[in-house]
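S.K.: model the following, please.
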Amino acid sequence: MNYHFKAPCSKKKLRSIREFISSNLKKHALADVEINMIVLAVDEVCANLIIHSHNCDPEETLELSMLIEDNKRVIFKIIDRGEGFNPLNHKEPSLEEIIQTKKKGGLGLILVKKIMDHIEFKSDSKKNVCILQKNIGI
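M.R.: From the prediction side, this is the model:
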């Protein structure tokens, strides 16, 4: 099953993105805990793109597709045309660093990498594509 969602790059649209993911995952009888973890991971990537790559500019858009393959895995493709950011190249701070520097944030990408089973990033002069895959129903 394939689902698509397109939204302006506004923080106000993050709720709609979360609802889109959650409502479509519920159609496939996933446990609420699993749904919440997946929503958290995809929301984090979308929020980072909206805030950091697009400076919350509602004139720019974010495209999200969600493919559920045989109730065994869900694959998200997040497409944008902002400044490319490869989450795989991001060095996560340690928890000690975050506590010592009293830094707000920094845990989101750590969670994304822990929750998702596979992360891929592709970029060219026209668009960036972040692919997130989670094995489900196993």
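
S.K.: by mean pLDDT, flag the weakest helix or strand of the protein.
M.R.: Among the helices and strands of the chain, helix 95-101 carries the lowest confidence by mean pLDDT, DSSP states H and E, at a mean of 60.

S.K.: need the next SSE after that one, C-terminal direction.
M.R.: Tracing the chain past helix 95-101, the next element assigned as helix or strand by DSSP states H and E is helix 108-115.

S.K.: following that following helix, which helix or strand comes up?
M.R.: Where DSSP H and E defines the elements, the next helix or strand beyond helix 108-115 is strand 118-123.

S.K.: helices of the chain, residue ranges please.
M.R.: 14-26, 32-48, 95-101, 108-115 (DSSP state H).

S.K.: could you pull up the residues touching the residue positioned nearest the centre of the chain?
M.R.: With the centre of the chain defined as its mean C-alpha position, the nearest residue by Cα atoms, centre = their mean is V42, 2.4 Å away. Each residue near V42 by Cβ atoms under 8 Å, 6 or more residues apart in numbering is listed here: I17, I21, L64, F76, I78, L132. (Glycine included, C-beta is placed from N, CA and C.)
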